[in-house]
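>>> One predicted model, sequence on top.
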Amino acid sequence: MTNPSNRRTFLTGLLGVAGAGAIAWALHRKGAGPAAAEASPKSTGPVTIAKFGDDGKRLGTVTTARIVKSDDEWKKQLTALQFDVTRRADTERAFSGALNNEPALGIYRCVCCDNALFTSDTKFESGTGWPSFWAPIAKENVSQKSNASFSIMGAEVNCKLCDAHLGHVFDDGPRPTGLRYCMNSAALRFIPRKKS
């Protein structure tokens, strides 16, 4: 016969694990805190980013003012989902994004400001349901907001030029970086590489 005390301990532990998972998901959906939900940065710049052509070739660096718009301006430019993800740090549902299974070669740009962010050369199948990359196209084109639980929640990843929320970076990716930039399709615009 099963000991009721052992069964109670098992069920309590199981509920604790489920609760921790629910809290982690809630934090992931909302960018791990109220600060992540701010619509725009306080500063207008300047920021230095690397410029890239649609063929993925680096064109040099440029120092420019950060792009800042009101919520109304962003809403005129973006779909409701794009606005919620990029300006409110929301997260699209796993396996729902159009770019998760994109097999073509090309470049991924910010849906808000067209800043070059990632390339298909660093994309990999993570099995998570979101487009994943082991590195950005240029470190200076993204910024990170760390949190206390990097291994569990990852650091928030934003576009350096317009502060759009893109997703999170985790330390469980493949070589050579060991990182997994887990991005929202709604935050990205894919430009296929032209065949020569």
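Received, thanks. In this text, all values refer to a predicted model and were calculated from it rather than measured experimentally. Numbers count the residues shown, from 1 in each chain.
>>> Just the strands from this protein, written as ranges.
47-52, 58-64, 106-110, 116-119, 123-124, 132-133, 142-145, 155-159, 165-170, 180-183, 188-192 (DSSP state E).
>>> Need those strands in JSON lines (columns: mean neighbour count and distance to Gln82).
Just so you know, the C-beta spots here come from the backbone N, C-alpha and C atoms, and that holds for glycine as well. Below are these laid out as JSON lines (neighbours: other CB atoms under 10 Å; distance: least, CB to CB, whole Å):
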{"stretch": "strand 47-52", "mean neighbour count": "18", "distance to Gln82": "21"}
{"stretch": "strand 58-64", "mean neighbour count": "11", "distance to Gln82": "22"}
{"stretch": "strand 106-110", "mean neighbour count": "23", "distance to Gln82": "11"}
{"stretch": "strand 116-119", "mean neighbour count": "25", "distance to Gln82": "14"}
{"stretch": "strand 123-124", "mean neighbour count": "16", "distance to Gln82": "20"}
{"stretch": "strand 132-133", "mean neighbour count": "25", "distance to Gln82": "19"}
{"stretch": "strand 142-145", "mean neighbour count": "18", "distance to Gln82": "18"}
{"stretch": "strand 155-159", "mean neighbour count": "23", "distance to Gln82": "13"}
{"stretch": "strand 165-170", "mean neighbour count": "26", "distance to Gln82": "11"}
{"stretch": "strand 180-183", "mean neighbour count": "26", "distance to Gln82": "13"}
{"stretch": "strand 188-192", "mean neighbour count": "18", "distance to Gln82": "10"}
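>>> Can you lay out these as a markdown table showing mean pLDDT?
As requested, the strands of the chain are exported to a markdown table (pLDDT from 0 to 100):
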| stretch | mean pLDDT |
| --- | --- |
| strand 47-52 | 97 |
| strand 58-64 | 97 |
| strand 106-110 | 98 |
| strand 116-119 | 98 |
| strand 123-124 | 97 |
| strand 132-133 | 98 |
| strand 142-145 | 94 |
| strand 155-159 | 96 |
| strand 165-170 | 96 |
| strand 180-183 | 97 |
| strand 188-192 | 97 |
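>>> Can you add distance to Ala89 and give those strands back as a markdown table?
Listed next are the strands of the chain as a markdown table, based on distance: least, CB to CB, whole Å:
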| stretch | distance to Ala89 |
| --- | --- |
| strand 47-52 | 19 |
| strand 58-64 | 24 |
| strand 106-110 | 15 |
| strand 116-119 | 16 |
| strand 123-124 | 23 |
| strand 132-133 | 19 |
| strand 142-145 | 10 |
| strand 155-159 | 7 |
| strand 165-170 | 4 |
| strand 180-183 | 13 |
| strand 188-192 | 15 |
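>>> closest one to Asp71 among the ones you listed?
Among the strands of the chain, the nearest to Asp71 by CB to CB is strand 165-170 (13.8 Å).
>>> Which among the strands of the chain is found nearest to Asp90?
Within the strands of the chain, the stretch nearest Asp90 is strand 165-170; the backing value is 7.8 Å (CB to CB).
>>> closest to Asp72 out of the strands of the chain?
Among the strands of the chain, strand 165-170 comes nearest to Asp72, with 18.3 Å by CB to CB.
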